[in-house]
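Compute the structure for the input listed below.
(one chain, ligands or ions: 2)
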Amino acid sequence: MDFNTNAEYAIAARGVRKTYGGSGMAPEKEALKGVDILVKRGSIFGLLGPNGAGKSTFINILAGLVNKTAGEVSVWGFDIDRNPRQARASLGVVPQEINMDVFFTPLEALEIQAGLYGVPKNKRRSMEILNALGLGDKANAYVRMLSGGMKRRLLVAKAMVHSPPILILDEPTAGVDIELRKQLWEYVLKLHEMGVTIVLTTHYLEEAQELCEEIAIIHNGNVVACEPTEKLISSLDRKTLMVTPSEAVDIKPDLGPLEFEMKSDGSLAIAYQPSKTQVADILERLSGAGIAVKDLSTVEADLEDVFLELTYRAE
Ligand SMILES: Nc1ncnc2c1ncn2[C@@H]1O[C@H](COP(=O)(O)OP(=O)(O)OP(=O)(O)O)[C@@H](O)[C@H]1O
Ligand SMILES: [Mg+2]
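Ligands and ions are numbered 1, 2, ... in the order given. Predicted structure coming up:
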């Protein structure tokens with residue numbers, strides 16, 4: 001990894017550690033154990049990991065909400081220790097917890113936020129942002145009257161008032177219904193097209209697989225994988241060949257060393273490692289067992305398989 005060309009990266013973190021001090025009966029907790037993460041400018045980057053892995057801790061360090069114990073972090077080229085103000089101004093963070101002053105209207109909340117960031121009145125885009133997030137008609141309602149999903153979208157709006165080059169979303173779709181999730185991601189993708197770098201954590205693996213160009217998996221405070229999504233998935237050397245025989249197979253055929261499962265619809269699900277076995281070999285075994293093939297398809301491993309494999313292996 002090259003940390004000297006930070007300009008290439010929206011976020012460059014090296015050797016980041018965080019130990020939370022214990023209090024009372026609670027012992028100390030080492031939440032991050034030396035995390036290296038590079039996020040390319042303009043990319044959509046996913047941060048995944050089970051509950052308690054350290055994702056929010058990492059994000060909160062970037063945002064200046066948690067002090068790291070050790071390591072170096074730069075945000076948009078600004079070192080968070082030496083240039084904390086510029087670093088913080090370079091990102092908008094949508095926190096995992098909803099904490100908002102419920103006595104303002106969404107429009108007021110955005111105007112206040114814009115004021116905090118020193119955005120001049122003639123440069124403010126509060127209504128535009130609310131409209132983009134489907135909150136235009138709620139601009140003057142009280143925040144306490146918004147639904148949970150609307151509050152979450154308002155948090156995204158708040159994170160964008162100062163037009164930061166980086167948007168960080170910590171579990172933005174938790175508790176948001178499917179329709180609103182779609183809307184939220186559409187907005188995020190629009191920002192991405194405009195060149196905004198997006199970092200997100202999500203527990204919905206399909207979401208991460210669909211959206212993120214690169215993914216880091218954190219487990220117990222360590223990065224256990226950090227790669228382009230495609231590569232991460234293909235690094236799991238596992239595929240399944242689904243075979244529909246021309247005639248129903250009722251006794252278990254002898255396919256030698258191949259691992260397979262007979263499905264109730266009469267098809268065979270044959271698991272194989274593409275690096276070791278070729279589909280042609282499998283077909284040969286099938287024909288050797290007297291099975292004629294009517295149809296076949298392959299099923300790739302997905303992010304869920306990779307995730308489970310990596311987090312279990314790390315245990
Ligand atoms: N303020 C704190 N004081 C002490 N321990 C903390 C604090 N915040 C988090 N932790 C601990 O640090 C570890 C990492 O927590 P963190 O919130 O970063 O996880 P996460 O990956 O965001 O999990 P989740 O998916 O549940 O949001 C956990 O063991 C958690 O209990
Ligand atoms: Mg979290």
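
Could you state which residue of the protein sits nearest its centroid?
Nearest residue to the geometric centre of the chain (C-alpha atoms, centre = their mean): Gly46, 3.0 Å.

ok, and the closest non-adjacent residue to that one?
Cys212 (3.5 Å; C-beta to C-beta, 6 or more residues apart in numbering). Glycine gets a C-beta too; all of them are placed from N, C-alpha and C.

cool, and Leu268?
Leaving aside its sequence neighbours, Leu268 sits nearest to Val243 (C-beta to C-beta, 6+ apart; 4.5 Å).

For Tyr272, see how far away that neighbour is.
11 Å (C-beta to C-beta, to the nearest Å).

Tell me, how many residues neighbour Lys68?
22 (other C-beta atoms under 10 Å).

For this protein, which residues are neighbours of ligand 1?
Within the chain, the positions near ligand 1 by C-beta under 6 Å from any ligand atom are 20, 29, 31, 49, 51-57, 96.

what do you get if the cut-off is 8 Å, keeping everything else the same?
For the chain, the contact set with ligand 1 under C-beta under 8 Å from any ligand atom comprises 18, 20-23, 26, 29, 31-32, 49-60, 66, 96, 170-171, 201, 203, 218, 221.

Write the PyMOL selection for whichever of the residues you listed are buried.
Of the residues of the chain next to ligand 1, the buried ones can be selected in PyMOL as follows, counting by 16 or more other C-beta atoms under 10 Å:
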select buried, resi 18+31+32+49+53+54+55+56+57+58+59+60+66+96+170+171+201+218+221
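
Can you tell me what sits against stretch 301-308?
48, 205-206, 208-209, 215, 217, 225, 229, 232-233, 235-236, 238-239 (C-beta atoms under 8 Å, 6 or more residues apart in numbering).

most neighbours, which of these?
In the contacts of stretch 301-308, the most neighbours by other C-beta under 10 Å go to Leu48, 28 neighbours.

got the contact list for it?
55, 201-202, 205, 208, 215-218, 303, 307 are the contacts of Leu48 under C-beta under 8 Å, 6+ apart.

Please enumerate the helices of the chain.
55-62, 84-89, 106-116, 126-132, 148-160, 178-193, 205-211, 229-235, 279-288, 303-313 (DSSP state H).

ok, which stretches of the stretch 1-150 of the chain are strands?
Assigned by DSSP state E, counting those that start in this stretch, the stretch 1-150 of the chain shows strands spanning 9-20, 29-40, 44-48, 70-75, 78-79, 91-94.

and these, which is most packed in?
Per-stretch averages of neighbours, counted by mean count of other C-beta atoms under 10 Å, single out strand 44-48 among the strands of the stretch 1-150 of the chain, with a mean of 26.

count of neighbours near Asp295?
Neighbours around Asp295, by other C-beta under 10 Å: 10.

thought it was touching Thr244?
Yes - with contact defined as C-beta atoms under 8 Å, Asp295 reaches Thr244; the gap is 4.1 Å.

from this structure, which residue is nearest to ligand 2?
Ser56 (3.1 Å; C-beta to the ion).

Now do the same contact list for that residue.
96, 170, 201.

mind giving me JSON lines with those residues and columns for pLDDT and distance to Asp281?
Output for the contacts of Ser56, formatted as JSON lines (pLDDT from 0 to 100; distance: C-beta to C-beta, whole Å):
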{"residue": "Gln96", "pLDDT": "85", "distance to Asp281": "48"}
{"residue": "Asp170", "pLDDT": "92", "distance to Asp281": "46"}
{"residue": "Thr201", "pLDDT": "92", "distance to Asp281": "41"}
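
and ligand 2, which of those residues reach it?
Gln96 (C-beta under 5 Å from the ion).

so can I have a markdown table of the contacts of Ser56 showing distance to Arg285?
Listed next are the contacts of Ser56 as a markdown table, based on distance: C-beta to C-beta, whole Å:
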| residue | distance to Arg285 |
| --- | --- |
| Gln96 | 50 |
| Asp170 | 48 |
| Thr201 | 43 |
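
Can you get me a residue count around Ala269?
14.

wouldn't it be in contact with Met242 here?
Yes - in this structure, Ala269 is within contact of Met242 by C-beta under 8 Å, at 5.7 Å.

residue contacts, Ser287?
Val293.

Spell out which parts of the stretch 1-150 of the chain neighbour ligand 2.
Checking the stretch 1-150 of the chain against ligand 2 by C-beta under 5 Å from the ion, the hits are 55-56, 96.

nearest to Leu283, of those residues?
Leu283 lies nearest to Lys55 out of these, by C-beta to C-beta, at 43.7 Å.
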